[in-house]
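Q: sequence first, predicted model second:
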Amino acid sequence: MPMLEDEIRRLMADETAGLQAASDLAERVVRSSRVKRRRTWTAAVAASVAVVAATPVAYLTVGSVATTGAQVTASVAPEPPPIDDVPALPSDPPDFGDLGDGKEFGHVKVGYLPERLRWSHWSVDYGDTYSTSYDYKGDKDGFYCVQIYMYEEAAVQEVVDRIQGYRDEGDGEEVTIGDRTGYLVVQHVGEDGMKGTPTLFLRMGEKQWAEIMFSPTYAKEFSGPEAVTAELKKIAEGLTSTV
Amino acid sequence: MSGVEHDFSAFVAARATSLLRVAYLACGDQTEAEDVLQTALERTYRNWDRVHHETLEPYVRRVIVNAAISRARRRAILSIIPMHSPPERSAHATDTDLRHVLMEALRALPPRQRAVIVLRYWEDLSETQTAEVLGCAVGTVKSQASKAMAKLRSALGRETVEGVIRNAHA
């Protein structure tokens, strides 16, 4: 073993020996995630209240005193809970429930899927990010073949940043899907033996992006990367926004 | 506490310090390393249902390394990283001095070369595994490692390193 490599290892070990992760790190991460979700939820409630408040609905209260929706709903918006008083999340993440054939969810319609794929009956719905997947069996616990992750409103920035990171690395390429733009890249998200996940990011609007992913295992069933890319582009072409 | 929270907390308790060390070496700065680690863990927590648990740690490590590379590159756009000059040090340089020189030299490396060094010589990943983490060819890892080691060798100075080792053995 060359001496320099050994010395670098030893110096790195000495340099990092005093580092210790904070004991409350997991708690902070969970809390931060809750707060972000809570903000999304509160923003969604505030938006819906604003819509209701703008509608001149008459409410009849006890004593038959009529008042307007604007007056009543002004107090409907819940106060954001104190940071240490956020209610516990349920064990299972929120989902869309029964989506039928799974070709319409959130604010998007799926116009094309590769042959034999069915909705997996799995979905998650965090408000401005949501997702569902498709596989052969329609089995919630099965492994996905194609997954579509949607990003809307503020969450769009996350995907824009990620694409910029790939651009900076010289990884992936810009693509055009009809009159829409996108980015094609093989991502590494630590699954399927780390073979990489062929992905197409599609800009569906200023505040809406789709991330279309092929499972690495499923991708092996195609003749090669070109065939996978062709399928990703077909799925992207078939995606329409319902915003 | 939900099942997900419990599993996640157990993972963090077991691996966070090790991951923090990777983040520190990849970033070259403790505050930034802590920030990168927390961001990576938040992303992991959000994607908990998508990441296979047997590949959890490689996943987090990949997020950390790529985040460190991305941040360093963005920073480089805003300010030119000064090139490090090889130090003039005697053979009696202390370990603390050498660690300082090593960290300075690591910080001066292009981010991808720095990541290769951390993954190869700190995480003890093979060239193939390093290529998988960075999403590049094995040949790229070899060439990046070679260039990085040449710079570190120049910065640390073989004579200095060997001198310290001689002193330690004396």
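A: Yep, that arrived.

Q: where does pLDDT dip in chain A?
A: A:1-2, A:35-93, A:139-142, A:188-195 (pLDDT under 70).

Q: what of chain B?
A: Scanning chain B for pLDDT under 70 picks out B:1, B:73-96, B:158-170.

Q: mind listing the helices for it?
A: B:3-27, B:30-46, B:56-78, B:95-108, B:111-117, B:127-134, B:138-156, B:158-169 (DSSP state H).

Q: for residue A:109, find the nearest of the ones you listed.
A: helix B:30-46 (25.0 Å; CB to CB). Where you see a C-beta, it was placed from the backbone N, CA and C, and this is true even at glycine.

Q: that closest one packs against which elements?
A: Contact here means 3 or more CB pairs under 8 Å, 6 or more residues apart in numbering or on different chains; DSSP states H and E; on that basis helix B:30-46 packs against helix A:25-53, helix B:3-27, helix B:56-78.

Q: for chain B, which residue gets nearest to chain A?
A: Going by CB to the nearest CB, chain A is nearest to residue B:59 of chain B, at 2.9 Å.

Q: that residue - how many residues pack around it?
A: 23 (other CB atoms under 10 Å in any protein chain shown).

Q: show the contacting residues for residue B:11.
A: For residue B:11, the contacting residues are residue B:56, by CB atoms under 8 Å, 6 or more residues apart in numbering or on different chains.

Q: how close does it sit to residue B:65?
A: 18 Å (CB to CB, to the nearest Å).

Q: and residue A:230, how close does it get to chain B?
A: 22 Å (CB to the nearest CB, to the nearest Å).

Q: packing partners of the stretch of helix or strand that residue belongs to?
A: Using DSSP states H and E, residue A:230 sits in helix A:225-238. When contacts are defined as 3+ CB pairs under 8 Å, 6+ apart, helix A:225-238 packs onto strand A:173-177, strand A:180-187, strand A:197-205, strand A:208-214.

Q: only the buried residues of that helix, if you could.
A: A:228-229, A:231-233, A:235-236 (16 or more other CB atoms under 10 Å in any protein chain shown).

Q: widest-spaced pair of the residues you listed?
A: Comparing the members of these, the greatest separation, given CB to CB, is between A:228 and A:236, at 12.6 Å.

Q: for residue A:173, grab the count of nearby residues.
A: Neighbour number of residue A:173 under other CB under 10 Å is 12.

Q: for residue B:70, same thing?
A: Neighbours of residue B:70 (other CB under 10 Å): 19.

Q: how is chain A divided into domains?
A: What the record gives for chain A is the domain set A:23-85, A:104-241, from automatic domain parsing.

Q: just the angle for the host helix or strand of residue A:10 relative to helix B:3-27, thanks.
A: In the assignment (DSSP H and E), residue A:10 maps to helix A:3-16. Going by axes from the mean of the first three to the mean of the last three CA atoms, to 10 degrees, helix A:3-16 is angled at 120 degrees with respect to helix B:3-27.

Q: so which bits of helix A:3-16 are buried?
A: A:4, A:7-8, A:10-12, A:15-16.

Q: so is that helix next to chain B?
A: Yes. Using CB under 8 Å from any CB of the partner chain, a contact is recorded between helix A:3-16 and chain B, made by A:3-5, A:7-9, A:11-12, A:14-16.

Q: please enumerate residues in contact with stretch A:12-20?
A: B:17, B:20-21, B:24-25, B:30, B:33, B:95, B:99, B:102-103, B:118, B:121-122.
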